[in-house]
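Asker: Let's see this in three dimensions:
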Amino acid sequence: MTVPATAGNLGPGFDSLGLALGVADELHVRAVASTGVTLDIEGEGADSLPRDESHLVVRALRAALDHVGASQTGLAIRAINRIPHGRGLGSSAAAVVAGISAARGLIAEPEALSPEIALQIATSFEGHPDNAAPAIWGGATVAWMEGPLPHATPVDMADGLETAVLVPGSVLPTKQARSVLPAQVPHADAAFNVGRAALLVSALAGQNDHLFAATEDRLHQQYRAEVMPAAMAMLKHLRDQGLAAVVSGAGPSVLVLGRGLEAAGLAEGMPQWARGIGGENWRVVRSVERVPGATTRRV
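Answerer: Numbering: from 1, shown residues only. Have a look, this model is predicted:
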C-alpha cells in the first residue's frame, strides 16, 4: 500500500484545509502465525524508529482491528519511508493512515473501515484531522470537528494545478511549533483568515489568479517565526516574487501552489538559487494534478 505526504493548513485554513503531496510511504504487511511483530524499515527513520509494538503503524493497525472487533495477529511489516520526518509533511498522519489501511486489507469486510471510520481512528491519534483527511481521500480536503467526531469532504482542484514543496535539512517537532501559538488572537485576524480560507477553496477549484491573496495568513505563521526562521526567510523570498507560498503544516517546509512552477525555478531537486536561504539547503518535491490518497492492494 502507499500513503501520500500531506500539507496541512495551506496558509489560512488552520487545522482544517489539507492537501496530498507527490511523495508517498510504501508499506507491505503480512499476517503471521506468531503473536509478535517484525519490522523492516528503509529510508526515513530507519536508524531511529522503534521496531516493536510501539511503532505508530502497528499501534494504528491494532487500534483499527480492535475498532471492528477483529482478532489480533502477528505481523511482518516492511516499511519504505520516503516522507521526510519532522518537516511539516504529515509523516505521522501517513503512518497512522497506513496502519489503518493495512488493517482494512486484513479483515474479511474491509468496508467496516470506511474512509469516515478511518478518519475517526486517525484523529484519535493525531488530535486534528487536517493531515489525515487528504492522506485518506487524496487531493485537497476540508476537515472539521463536530464535538468529538471529525468530518471531511474533498475540495475540487482545477486541472493542471501544481505544488512544489521546499524541504530544508533541519527538523521542527510539531509539538514545539504548536507551543508558540497564542491562546487567543485578535478578532480582526480571525475574520481575515475566514475570508482567505473561503477564497482559497475557490482558488483551488479554478480561480487560480486568486491563489496569492488566498494564501495569506494571520493565525499561525507569524507566531511560529521564532522557531522556524529559515522557513520564514524562504516564505518571504517566494512571496516577494509573487508566488503563493505558505508554511507546510507546522513547518519548516514551505509549500507553493500555482502553475508553471518549473519555469519559476521550482523543478525537482536542489535548485542553486535556494542554497543558503535562511542558512539552509533546500530540496524541491513537485507535484502536478491531484495526488491520490491511500491505496491498498491485497495479494
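
Asker: alpha carbons only for contacts and neighbour counts from here, please
Answerer: Will do.

Asker: Give me the pLDDT for the residue sitting furthest away from the middle of the chain.
Answerer: Going by Cα atoms, centre = their mean, the residue of the chain most distant from its centre is residue 33, 34.0 Å out. As predicted, residue 33 sits at a pLDDT of 89.

Asker: quick one: contacts for the residue lying closest to it once chain neighbours are set aside?
Answerer: Nearest-residue entry for residue 33: residue 74, 5.9 Å, with adjacent residues in sequence omitted and distances by Cα to Cα, 6 or more residues apart in numbering. In this structure, residue 74 makes contact with 31-37, judged by Cα atoms under 8 Å, 6 or more residues apart in numbering.

Asker: Selection in ChimeraX covering whichever of those are buried, please.
Answerer: Selecting only the buried entries of the contacts of residue 74 in ChimeraX, with 16 or more other Cα atoms under 10 Å as the criterion:
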select :37
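
Asker: I'd like the contacts of residue 74 laid out as JSON lines, including secondary structure and distance to residue 196.
Answerer: Supplementary listing: the contacts of residue 74 in JSON lines, determined by DSSP: H, G, I helix; E, B strand; the rest coil; distance: Cα to Cα, whole Å:
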{"residue": "31", "secondary structure": "strand", "distance to residue 196": "47"}
{"residue": "32", "secondary structure": "strand", "distance to residue 196": "50"}
{"residue": "33", "secondary structure": "coil", "distance to residue 196": "53"}
{"residue": "34", "secondary structure": "coil", "distance to residue 196": "53"}
{"residue": "35", "secondary structure": "coil", "distance to residue 196": "51"}
{"residue": "36", "secondary structure": "coil", "distance to residue 196": "49"}
{"residue": "37", "secondary structure": "strand", "distance to residue 196": "46"}
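
Asker: which one of the contacts of residue 74 sits closest to residue 216?
Answerer: Closest to residue 216 out of those is residue 37 (45.4 Å), distances taken as Cα to Cα.

Asker: contacting residues for the closest one?
Answerer: With contact set as Cα under 8 Å, 6+ apart, residue 37 has these partners: 51-53, 74-77.

Asker: Pass me the low-pLDDT residue ranges in the chain, would you?
Answerer: By pLDDT under 70, the low-scoring segments of the chain are 299.

Asker: need the helices for it, in chain order.
Answerer: With DSSP state H as the criterion, the chain has helices at 56-67, 91-106, 115-126, 132-137, 174-179, 187-205, 211-214, 229-240.

Asker: could I get these as JSON lines with mean neighbour count and distance to residue 21?
Answerer: Written out in JSON lines, the entries for the helices of the chain read as follows (neighbours: other Cα atoms under 10 Å; distance: least, Cα to Cα, whole Å):
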{"stretch": "helix 56-67", "mean neighbour count": "21", "distance to residue 21": "20"}
{"stretch": "helix 91-106", "mean neighbour count": "27", "distance to residue 21": "11"}
{"stretch": "helix 115-126", "mean neighbour count": "22", "distance to residue 21": "18"}
{"stretch": "helix 132-137", "mean neighbour count": "34", "distance to residue 21": "9"}
{"stretch": "helix 174-179", "mean neighbour count": "14", "distance to residue 21": "18"}
{"stretch": "helix 187-205", "mean neighbour count": "17", "distance to residue 21": "14"}
{"stretch": "helix 211-214", "mean neighbour count": "21", "distance to residue 21": "17"}
{"stretch": "helix 229-240", "mean neighbour count": "19", "distance to residue 21": "18"}
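
Asker: Settle this for me: residue 82 is touching residue 21, isn't it.
Answerer: No. Using Cα atoms under 8 Å as the test, residue 82 is too far from residue 21 to be in contact (11.8 Å).

Asker: quick one: which of these two has more around it?
Answerer: Using other Cα atoms under 10 Å, the more surrounded residue of residue 82 and residue 21 is residue 21, with 33 against 17.
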